[in-house]
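In: fold the following.
(chains A and B)
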Amino acid sequence: DAGVIQSPRHEVTEMGQEVTLRCKPISGHDYLFWYRQTMMRGLELLIYFNNNVPIDDSGMPEDRFSAKMPNASFSTLKIQPSEPRDSAVYFCASSPLSDRGTYGYTFGSGTRLTVV
Amino acid sequence: QQQVKQSPQSLIVQKGGISIINCAYENTAFDYFPWYQQFPGKGPALLIAIRPDVSEKKEGRFTISFNKSAKQFSLHIMDSQPGDSATYFCAAESSASKIIFGSGTRLSIRP
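Out: Numbering: from 1, shown residues only, chains lettered A, B, ... in the order given. Okay, the predicted model is just below:
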């Protein structure tokens, strides 16, 4: 298995532009998570899905952020409009339903977003 | 009550020494305590995990010590090597809640 695949690896955009981050989870994993990592705030959970349905989006910082999971193999995180304070590394992670505690989360390599 | 407090924030250990990272939690419903290791430019990866029905779990040079009454757990890295230099996150989870990560410890092993 290729693991959790995220694209792009790096994104530099101007303030006000729309940014879309993409994630392909591991096949068969029922849970998908979006995290944001910064030096100041560490790892923050933004939203997670179970069987493509959003379960908890309380971590989404504001209405500029939205996430979708149209099918079991694809998810997007969109920021519109982007602001410099959104600069961070965004991680996608997936986890199986059957034994979530034992297998843990598998993280992608992340997307480093820079908003100038 | 959902927090997991991790210390120290950073740690420097000589090669061959023992690295110790500590975590504490409040929510007694947590029943799974994983540690994640993150190298620069990579996502966190599961390193080792423990359930509260045991007080210690060892995998190679990595050991988790768990104190249920004190609601504390720690990661010990024996014979620390330069390749262990990374950021380590403790975490806590229950069947009823999503995983909660600690703030991370940046570990540097000096040759």
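In: next SSE downstream of the worst-scoring helix or strand of chain B on mean pLDDT?
Out: Ranked by mean pLDDT, DSSP states H and E, the weakest helix or strand in chain B is strand B:97-101, scoring a mean of 81. Remark: after strand B:97-101, the chain's next helix or strand is strand B:105-110, criterion DSSP states H and E.
In: and the helices in chain A?
Out: A:100-103 (DSSP state H).
In: pull the helix or strand with minimum mean pLDDT from it.
Out: helix A:100-103 (a mean of 53).
In: show me what the nearest residue to residue B:23 once chain neighbours are set aside is bridged to.
Out: Spatially, and ignoring its direct neighbours in sequence, residue B:23 is nearest to residue B:90 (3.7 Å; Cβ to Cβ, 6 or more residues apart in numbering or on different chains). (C-beta placed from N, C-alpha, C; glycine too.) Beta-bridge partners recorded for residue B:90 (DSSP bridges): residue B:35.
In: OK, contacts around the residue in chain B that chain A sits nearest to?
Out: Residue of chain B nearest chain A, by Cβ to the nearest Cβ: residue B:43 (3.0 Å). Contact partners of residue B:43, counting by Cβ atoms under 8 Å, 6 or more residues apart in numbering or on different chains, are A:4, A:91, A:93, A:107-110.
In: can I get the residues you listed in a markdown table including pLDDT and neighbour count?
Out: Shown next, in a markdown table, are these (pLDDT from 0 to 100; neighbours: other Cβ atoms under 10 Å in any protein chain shown):
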| residue | pLDDT | neighbour count |
| --- | --- | --- |
| A:4 | 97 | 24 |
| A:91 | 97 | 27 |
| A:93 | 95 | 26 |
| A:107 | 96 | 24 |
| A:108 | 97 | 25 |
| A:109 | 96 | 17 |
| A:110 | 97 | 24 |
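In: near chain B, which of these show up?
Out: A:4, A:91, A:93, A:107-110 (Cβ under 8 Å from any Cβ of the partner chain).
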